[in-house]
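Undergrad: Provided below for reference: sequence and predicted model.
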Amino acid sequence: MKKLLLLLMVVSLLAGVAATGLVMAKEPIEIKFVSLAWQKQSIEANKEIVAEWNRTHPDVQVKYIQGTWGSIHDYMITAFETGSVPDVFHYESAAIVGFAQKGYLAELNSLMSEDLKNDILDEAWKTTQLENGKIYGVPFLWESQITLYNKALFKEAGITPPTIDNPWTWEDLREAAKKLTKDTDNDGEIDQWGVGLGLKSPAKKMLRLSVGFGGKFFKKENGEYHVEVGEAEKKLLKQFYAMLYEDKTAPLSGIGQSGSSMIPGFLAGKYAMVPSVGVWARQQVVVNAPENFEWGVIPPIKAKTQAQGVGTQTLSIPSASKYKKEAMEFIEFFLNTRNMARLAKGDWMLPTRKSTMNLPMFQTDENGWKVAMNSAKCLEAGPWQNIPGFPEWKNRVGNPVIQLYLKDKISLEDAAKRLEREGNRILQRYK
């Protein structure tokens with residue numbers, strides 16, 4: 001009888017344990033991740049990293065959502081307003097600062113590890129933090145502006161390209177462009193241009209490169225920002241105008257084309273150089289260059305300095321996310337040293353982690369990686385990063401007004417006045 005009672009107690013105990021186990025068993029947490037990767041190699045890298053996370057983290061599964069740069073802003077505004085937010089989303093620093101100021105984003109300072117915080121360059125962090133030091137996005141990719149050049153045309157013209165240690169000034173670039181601009185078939189028309197300038201949306205390019213002249217465009221007084229276009233801000237605009245109308249080393253058709261649209265002409269020998277394009281443009285050359293086409297990368301052009309203003313690509317967590325801790329753990333994995341290298345390679349961009357930048361794969365002359373990576377030392381957070389209303393200023397004032405100047409429709413002085421007057425009206429609405 002005692003044995004029977006003991007047996008029944010054991011069976012009952014086991015059944016209770018089993019039942020408890022069933023009660024405690026939970027479905028894995030699902031984290032939604034919106035990625036803006038668009039190049040084939042980059043999309044593959046994103047999906048592979050997510051798959052690796054899911055294999056090694058059965059309790060926290062990541063759902064990959066493919067977004068686009070053209071729709072992400074409206075997508076996130078709708079998500080914030082409805083509360084149906086992704087847990088992690090990919091965007092850019094200039095935009096997320098505005099989101100943070102509206103309370104849409106989680107502060108990451110206390111969520112991230114010291115390793116991540118210390119390994120990412122300080123200038124990159126400056127692009128995603130407010131003036132109070134609070135960080136709202138992890139910067140992981142950024143780009144410098146470089147110049148692509150045709151090695152055969154340089155050799156033919158007797159031009160020695162600049163090096164990392166001996167960079168060109170804008171005047172050096174213009175002089176070389178004059179030697180490279182030719183009417184090769186003597187029909188009275190130029191068919192080999194010194195430079196191809198893609199100026200369809202010129203505002204951000206001008207702001208970034210004007211930093212080397214000391215230009216800021218946005219000044220802060222008494223706690224408020226305003227647009228100010230002085231001599232330092234005008235210097236780069238003058239250089240581009242001179243190449244178009246004084247030196248006549250760049251075709252006017254480039255005013256209506258993007259930087260990437262100049263690549264086919266570069267590969268066809270129409271442009272000897274394509275200045276001020278992002279480091280990502282090298283991918284288009286590698287993929288599309290004809291056989292035996294020799295090309296190289298010229299380091300950032302020097303003004304007073306080689307400094308360039310920059311924004312970053314970022315990963316952020318909405319404040320409405322229910323899984324902030326798990327989302328940050330995923331970000332740390334997604335952006336570890338090895339994975340950031342895969343993402344940078346996939347997008348042909350520069351990584352922000354020091355440990356990633358020092359990897360041998362980025363210290364090679366192949367495809368211009370060494371020059372591109374070295375150019376990261378020229379990058380600093382753009383003066384526009386923390387300015388509410390900057391995206392609207394860029395699209396509604398900066399791009400159209402600068403284009404009118406480059407089309408020779410208005411003077412530089414008139415352009416400066418309009419950038420200030422119309423720009424300040426926009427900034428006033430964001431106060």
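TA: That came through, no problem. Remember, it's a predicted structure, so these values are computed and weren't measured experimentally.

Undergrad: check the offset of the helix or strand containing R425 from the chain's centre.
TA: Using DSSP states H and E, R425 sits in helix 412-429. Here helix 412-429 is found 26 Å from its chain centre; the criterion is Cα atoms, centre = their mean, to the nearest Å.

Undergrad: now swap in stretch 69-78 and tell me
TA: On Cα atoms, centre = their mean, the centre of stretch 69-78 falls 17 Å from the chain's centre.

Undergrad: got the buried residues for that stretch?
TA: Using 16 or more other Cβ atoms under 10 Å as the test for burial, stretch 69-78 gives I72, Y75, M76. (Each C-beta comes from the backbone N, C-alpha and C, glycine too.)

Undergrad: follow-up on the earlier one: state the mean pLDDT of the helix holding R425.
TA: Computed over helix 412-429, the mean pLDDT rounds to 97.

Undergrad: check stretch 49-58 too.
TA: pLDDT averaged over stretch 49-58 gives 98.

Undergrad: show me the strands in the stretch 51-200 of the chain, by range?
TA: 60-66, 88-92, 138-142, 145-150, 193-195 (DSSP state E, counting those that start in this stretch).

Undergrad: follow-up on the earlier one: which one of the buried residues of stretch 69-78 sits closest to L252?
TA: Nearest to L252, judged by Cβ to Cβ, of those is I72 at 33.2 Å.

Undergrad: got the contact list for the closest residue to E107 other than its chain neighbours?
TA: What sits nearest to E107 in space, not counting adjacent residues and going by Cβ to Cβ, 6 or more residues apart in numbering, is K134, at 4.9 Å. K134 makes contacts with A100, E107, N109, as judged by Cβ atoms under 8 Å, 6 or more residues apart in numbering.

Undergrad: filter these to the buried ones?
TA: Judged by 16+ other Cβ under 10 Å, buried ones among the contacts of K134: A100, E107.

Undergrad: want to try a markdown table for the contacts of K134, with pLDDT and distance to P202 as columns?
TA: A markdown table is the format used below for those (pLDDT from 0 to 100; distance: Cβ to Cβ, whole Å):
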| residue | pLDDT | distance to P202 |
| --- | --- | --- |
| A100 | 92 | 28 |
| E107 | 97 | 35 |
| N109 | 97 | 36 |
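
Undergrad: just the contacts of K134: which are in helices?
TA: Judged by DSSP state H, the contacts of K134 include A100 as members of helices.

Undergrad: output the contacts of K134 as JSON lines; include the columns distance to A157.
TA: Output for these, formatted as JSON lines (distance: Cβ to Cβ, whole Å):
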{"residue": "A100", "distance to A157": "50"}
{"residue": "E107", "distance to A157": "54"}
{"residue": "N109", "distance to A157": "53"}
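
Undergrad: ok, so of the contacts of K134, who is nearest N46?
TA: For the contacts of K134, the nearest to N46 is A100 (23.9 Å; Cβ to Cβ).

Undergrad: for the stretch 301-431 of the chain, which residues score under the pLDDT cut-off?
TA: In the prediction, the stretch 301-431 of the chain carries no residues with pLDDT under 70.

Undergrad: can you show me the helices along it?
TA: 324-334, 337-347, 354-357, 369-374, 390-393, 399-406, 412-429 (DSSP state H, counting those that start in this stretch).

Undergrad: okay, domains of this protein per the record?
TA: 29-143+310-381, 145-309+384-428 (the TED database).

Undergrad: wait, doesn't P86 sit right on V34?
TA: Yes. Counting by Cβ atoms under 8 Å, P86 does reach V34; the two are 4.6 Å apart.

Undergrad: identify the contacts common to the two.
TA: In contact with both P86 and V34: I65, using Cβ under 8 Å, 6+ apart.

Undergrad: now do the contacts for S110.
TA: S110 neighbours (Cβ under 8 Å, 6+ apart): none.

Undergrad: give me the element K205 is part of.
TA: With DSSP H and E as criterion, K205 is part of helix 203-210.

Undergrad: quick one: average confidence on that helix?
TA: Rounded mean pLDDT across helix 203-210 is 96.

Undergrad: work out the gap between that helix and the centre of the chain.
TA: 14 Å.

Undergrad: next: stretch 290-303.
TA: 20 Å.

Undergrad: what is the end-to-end distance of that stretch?
TA: For stretch 290-303, the separation between the terminal residues is 34 Å (Cα to Cα, to the nearest Å).

Undergrad: contacts for that stretch, please.
TA: 144-152, 161-164, 167-170, 172-173, 209, 212-213, 235-236, 266-267, 273, 275-276, 282, 285, 289, 306, 308, 368, 371-372, 374-375, 378.

Undergrad: of those residues, grab the buried ones for ChimeraX.
TA: Buried subset of the contacts of stretch 290-303, written as a ChimeraX selection, criterion 16+ other Cβ under 10 Å:
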select :144,145,146,147,148,149,150,161,162,167,168,169,170,172,173,209,212,213,235,236,266,267,273,275,276,282,285,306,308,368,371,372,374,375,378
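
Undergrad: returning to that earlier point: redo the buried residues of stretch 69-78 as JSON lines? Include pLDDT and distance to D408.
TA: Output for the buried residues of stretch 69-78, formatted as JSON lines (pLDDT from 0 to 100; distance: Cβ to Cβ, whole Å):
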{"residue": "I72", "pLDDT": "96", "distance to D408": "35"}
{"residue": "Y75", "pLDDT": "97", "distance to D408": "39"}
{"residue": "M76", "pLDDT": "97", "distance to D408": "39"}
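
Undergrad: I29: which of those is nearest?
TA: Nearest member of the buried residues of stretch 69-78 to I29, counting by Cβ to Cβ, is M76, at 21.6 Å.

Undergrad: quick check: closest non-adjacent residue to the closest one.
TA: Going by Cβ to Cβ, 6+ apart, M76 has F89 as its nearest residue, at 6.4 Å.

Undergrad: my read is that the one you found contacts Q313, right?
TA: No. The criterion here is Cβ under 8 Å, and F89 misses it with Q313 at 11.3 Å.

Undergrad: shared neighbours, these two?
TA: What both F89 and Q313 touch, as defined by Cβ under 8 Å, 6+ apart, is an empty set.

Undergrad: return the distance of K220 relative to T305.
TA: 22 Å (Cβ to Cβ, to the nearest Å).

Undergrad: what do you get for N132?
TA: Distance from N132 to T305, by Cβ to Cβ: 29 Å.

Undergrad: show me which of these two is the more surrounded one.
TA: T305 (13 against 6; other Cβ atoms under 10 Å).

Undergrad: mind listing what the more buried one touches?
TA: With Cβ under 8 Å, 6+ apart, T305 has these contacts: G212, C378.

Undergrad: then T169?
TA: I301, K302, A303.
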